[in-house]
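Q: What follows is a protein structure lacking sequence information:
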């Protein structure tokens, strides 16, 4: 009698094939998601993260459904042609789907990155994952090595001119409103020395202040502006106050720990 293979291993192997791994710097104009992970477990984190993101992308953005029924032996030539065209379309849709997600090897300790492309919105995608993990009804811990997730709406080369354009593109729309917001700026720099941290913060703050009576508040903010600097790339996104108040700064490990502590109480 043959030995039955475990579902976890075979399923994981199939999933890993659905996204590509590329080595190199992040290109300007990149959208995606940073994830911190356990030291020396970057490859395992990429596999783990890829499966998690892929499943959520399918849930949020759906799959192309193409009719693929068998043609009867007595079917016409037109039926055969229709079947071939349907298969070609299905192959194209599958290829397009694969390209929505791409793992980038940053060669950086404890950090991995997944590049996304439209229609995937990194902020929406990460928020959906965090909501799932925060659900008290969810008892299964689906990650082992992934820690904190940070979505990047868009990115640019690390020059002052390009950074200002990035702020105008990502941050301004969130603050162009009659409503006044309290906000904070959170900066992370890795292998990055092009711009000083305070220069980055001051540039963001001064731009936001031009568009209303907004106020910096590092604790009780309505919005937080994320700035992720890596080598020669700067990425940005704007998140709501659930980021820290409810969702532990998008740290999956801390979300799980807090959930089970609440159960014990």
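A: Structure's in. What do you need? All figures in this text were calculated on a predicted structure; none of them were measured in a lab.
Q: And the helices in the stretch 101-250 of the chain?
A: Using DSSP state H, counting those that start in this stretch, the helices found in the stretch 101-250 of the chain span residues 122-134, 160-170, 172-175, 197-209, 242-245.
Q: average model confidence for the third one?
A: Along helix 172-175, the predicted confidence averages to a pLDDT of 92.
Q: If the spatially most central residue of the chain is in a bridge, with which residues?
A: Central residue of the chain (C-alpha atoms, centre = their mean): residue 33, 3.3 Å from the mean position. Beta bridges link residue 33 to residue 114, residue 151, judged by DSSP bridges.
Q: what's around the residue nearest to residue 247 when sequence neighbours are not counted, how many residues?
A: In space, and not counting its chain neighbours, residue 247 is closest to residue 130: 5.0 Å by C-beta to C-beta, 6 or more residues apart in numbering. C-beta coordinates here come from the backbone N, C-alpha and C atoms, glycine included. Using other C-beta atoms under 10 Å, residue 130 has 21 neighbouring residues.
Q: Residue 130 touches residue 254, doesn't it?
A: No - contact criterion C-beta atoms under 8 Å: residue 130 and residue 254 do not qualify, at 11.2 Å.
Q: ok so, going back, report the contact partners of the residue nearest to residue 247.
A: Contacts for residue 130 (C-beta atoms under 8 Å, 6 or more residues apart in numbering) come out as 149, 247, 250, 252, 255.
Q: where's the fourth one relative to residue 85, distance?
A: Put plainly, it is residue 252. 43 Å (C-beta to C-beta, to the nearest Å).
Q: Let me know the pLDDT of residue 15.
A: 48.
Q: How about residue 139?
A: Looking at residue 139, its pLDDT stands at 75.
Q: do the same with residue 88
A: For residue 88, pLDDT reads 68.
Q: sorry, back to before: so between residue 252 and residue 85, which is more surrounded?
A: residue 252 (24 against 11).
Q: returning to what we had before: give the full set of residues in contact with the residue nearest to the centre of the chain.
A: Contacts of residue 33 by C-beta under 8 Å, 6+ apart are 49, 53, 113-114, 116, 122, 125-126, 149-152.
Q: closest to residue 100 among these?
A: residue 116 (6.3 Å; C-beta to C-beta).
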